[in-house]
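# how would this look folded up:
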Amino acid sequence: METENVKKTGRPAALNHDIVFTALREKMHLLFNDDHILKPISDQVWVDLSVTLQYKMSAKTIYVAVYQNRHDWQNKIKNLLGIQNQPNVSSMDTESTSSSSSTGEENNKKLFNLTVPYKSKGNIRYYDILKPGVWTDIINDAFLSNHKLPCCFIYKRGKVNKDISKSKHYLTFEATFKECKNDLFGWSDAKPKPGEPLNLYILTKNTVCDEINHTTKRPLKGIKRKMVGCELSTDVPSNWRRKQVKDLDFGRISPPNLYTNNVLSKTKQDYIDKSLGVINTNPIDSLIELKHTSQAGNIHHIGSDPTNHQLVIYKDITKKYSRLFIDATGSLIKKIKRTSLNLLSGDIFLNEAVVNVGFGQIPVTQMINEKHDSVTISYWLDMWLRCGLSAPSEAVSDYSRALLMAMCKCFCNLSFQSYLDECFSVITGEKTKLLSCFIRIDVSHMIKTFCRLKCLCGIKKKYLKEFYVRCFRLLLTSTDLDTFKNILIAFITVMLSETDGWIDETENQENPSEKYRPADETTNNYIDCDTQDNEDIEIENTDDIDESST
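Here you go, the predicted model:
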């Protein structure tokens with residue numbers, strides 16, 4: 001029982017009192033002026049003391065502590081300086097002095113008498129008010145249910161008169177609607193008996209035929225919000241809305257007390273959170289807390305509390321030939337506002353690396369950044385590889401130079417130009433050893449870039465444009481330099497030939513393009529590209545033809 005009277009100690013001080021007094025003693029000659037009065041708070045000495053204490057105490061805090069003589073610091077410093085402390089005047093002496101001085105003043109005072117009239121209206125309120133947050137929804141729902149007015153009234157001034165004999169009505173209230181400036185006045189003449197309904201009279205403009213101008217909804221709050229949340233705890237918002245409009249006539253717009261799905265979903269969430277005792281509203285912290293409960297299997301990855309799930313998937317894939325796809329998009333995340341001037345940020349990019357498995361694509365790492373350059377992307381990939389991962393066998397990206405430079409640095413430890421030189425040496429036969437990671441540009445992105453050339457956008461003949469796209473596809477998928485050279489020569493020869501077949505009618509001289517017409521499917525098979533993603537080429541071709549024709 002004795003331990004209950006022990007008071008808990010407060011938090012320890014940020015600085016030891018001896019350290020503060022040592023700093024004051026070093027500058028004690030600067031603390032007082034010539035009249036031995038403490039210098040004001042605006043003096044530079046207090047700022048210098050704060051700097052000496054490494055800003056652990058502000059200049060204002062130091063001044064107040066010395067001024068109020070906390071820990072007897074002011075008296076100790078005055079003793080060191082030889083300044084005599086002025087004795088404190090006791091309260092008894094002050095009272096005696098003031099009483100003696102006021103004796104003479106009372107002799108010069110005069111007593112005045114006056115009468116204040118009694119005002120009952122100003123002293124006693126003769127009415128009560130209706131319970132806030134309850135009566136407005138009850139009256140509004142009953143009114144809309146019976147008469148179906150589309151106006152979204154905001155109610156106020158609900159008064160209940162205590163003495164009906166001194167007032168015209170027992171209950172009065174007012175309401176207004178800002179959109180059409182429609183006012184409402186309601187009253188009840190008699191107090192209902194226990195168990196009987198309340199009879200109300202409402203005077204307002206009938207706007208039943210003017211529904212097209214009324215789209216505002218009433219706020220969902222108070223007791224009604226709790227009741228609706230309780231109903232939605234075992235149902236969905238769409239079913240709740242369907243029940244509310246079951247008696248609504250065909251062709252009528254939704255009434256102002258028919259709330260949207262977003263409002264109902266938030267109401268349901270608030271009710272469930274309150275019933276479960278969820279206090280923290282931070283979604284990241286809530287996910288972390290949920291991760292360490294019995295529902296942990298539903299959480300896959302949290303940025304502030306990472307898991308090794310993605311790392312395990314990638315390590316399992318790299319046991320054999322692995323291919324990693326990296327891409328960035330800036331069309332998913334909205335720009336954020338900075339400072340009170342509402343300055344917009346730059347484009348925010350979502351960088352994601354995925355691997356292709358038998359049942360689909362799985363992301364293995366991702367990053368959100370505003371600065372889309374090779375340094376930022378290299379740091380992201382380096383931190384990812386430091387988790388005990390190895391570089392992929394093949395890395396695929398779009399035509400972004402920042403992504404290509406970052407992949408060359410992280411996966412091959414080479415600059416972008418050095419990687420190109422190494423690849424060219426392998427193609428020409430100067431070197432036979434391949435690099436540890438093959439970095440290439442996605443074929444679909446290259447074809448899309450090729451199709452958007454201005455010289456191709458004006459071509460309205462589908463087959464002519466398709467010919468150029470197919471030849472470009474063959475150049476991209478060439479496996480050696482000789483094949484690339486032969487395809488390029490054939491491409492240019494056919495492109496520069498005005499016609500095919502024979503040059504003259506005697507059929508003695510062939511057109512140069514006829515040399516590259518295959519006699520069968522086995523000769524010069526690089527010309528036939530029907531098996532090389534024709535569907536993708538036709539899609540790109542069709543889109544660009546539609547754009548050019550419009």
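# Please make it C-alpha for all contacts and neighbour counts, starting now.
Will do.
# Roughly how far does residue 241 sit from residue 132?
26 Å (C-alpha to C-alpha, to the nearest Å).
# For these two, indicate the residue with more neighbours.
residue 241 (16 against 11; other C-alpha atoms under 10 Å).
# what pLDDT does that one get?
As predicted, residue 241 sits at a pLDDT of 84.
# pretty sure it belongs to a helix, no?
Yes: when DSSP: H, G, I helix; E, B strand; the rest coil is applied, residue 241 is found to be in a helix.
# ok, and the closest non-adjacent residue to it?
residue 258 (6.7 Å; C-alpha to C-alpha, 6 or more residues apart in numbering).
# For the helix or strand where residue 51 lies, what is the distance to the chain centroid?
Here residue 51 sits within helix 44-52, counting by DSSP states H and E. Distance of helix 44-52 from its chain centroid, counting by C-alpha atoms, centre = their mean, to the nearest Å, is 42 Å.
# and it, what other elements does it pack with?
helix 17-26, helix 59-67 (3 or more C-alpha pairs under 8 Å, 6 or more residues apart in numbering; DSSP states H and E).
# The helix or strand just after the shortest one vs helix 17-26, what angle?
Think helix 59-67. Downstream of helix 59-67, the first helix or strand assigned by DSSP H and E is helix 73-81. Counting by axes from the mean of the first three to the mean of the last three C-alpha atoms, to 10 degrees, helix 73-81 points 40 degrees away from the direction of helix 17-26.
# What are the contacting residues of helix 73-81?
21, 24-25, 28-29, 66-67, 69, 84-85 (C-alpha atoms under 8 Å, 6 or more residues apart in numbering).
# chain center to it, what's the gap?
Distance of helix 73-81 from its chain centroid, counting by C-alpha atoms, centre = their mean, is 56 Å.
# Name the residues of that helix that are buried.
For helix 73-81, a neighbour-count test (16 or more other C-alpha atoms under 10 Å) marks 73-75, 77-78 as buried.
# One more: stretch 189-196?
Using 16+ other C-alpha under 10 Å as the burial criterion, the residues of stretch 189-196 that qualify are 189, 191.
# Mean confidence (pLDDT) on it, please.
The average pLDDT within stretch 189-196 is 78.
# That stretch: end-to-end distance?
End-to-end distance for stretch 189-196: 14 Å, by C-alpha to C-alpha.
# now swap in stretch 323-334 and tell me
31 Å.
# residues in contact with it?
347-356, 392-398, 403.
# sec struct for residue 310, please.
Classification of residue 310 by three-state DSSP places it in helix.
# Can you tell me how far it is from residue 363?
According to C-alpha to C-alpha, residue 310 and residue 363 sit 7 Å apart.
# and if you look at residue 30?
From residue 30 to residue 363 the distance is 66 Å (C-alpha to C-alpha).
# what do you get for residue 75?
When residue 75 is compared with residue 363 (using C-alpha to C-alpha), they lie 70 Å apart.
# next one: residue 269
For residue 269, the distance to residue 363 - C-alpha to C-alpha - is 30 Å.
# go on, residue 138?
Distance from residue 138 to residue 363, counting by C-alpha to C-alpha: 52 Å.
# swap in residue 445?
Taken as C-alpha to C-alpha, the span from residue 445 to residue 363 is 20 Å.
# which residues does the spatially most central residue of the chain contact?
In the chain, the residue lying closest to the centroid (C-alpha atoms, centre = their mean) is residue 336, at 7.9 Å. Contact analysis of residue 336 by C-alpha under 8 Å, 6+ apart lists 344-345.
# Now with 10 Å, please.
Counting by C-alpha atoms under 10 Å, 6 or more residues apart in numbering, residue 336 makes contact with 342-348.
# what does stretch 194-214 contact?
Applying C-alpha under 10 Å, 6+ apart, the set of residues contacting stretch 194-214 from outside is 139, 143, 147-152, 171-177, 179-192, 252-256.
# Nice, that's everything, thank you.
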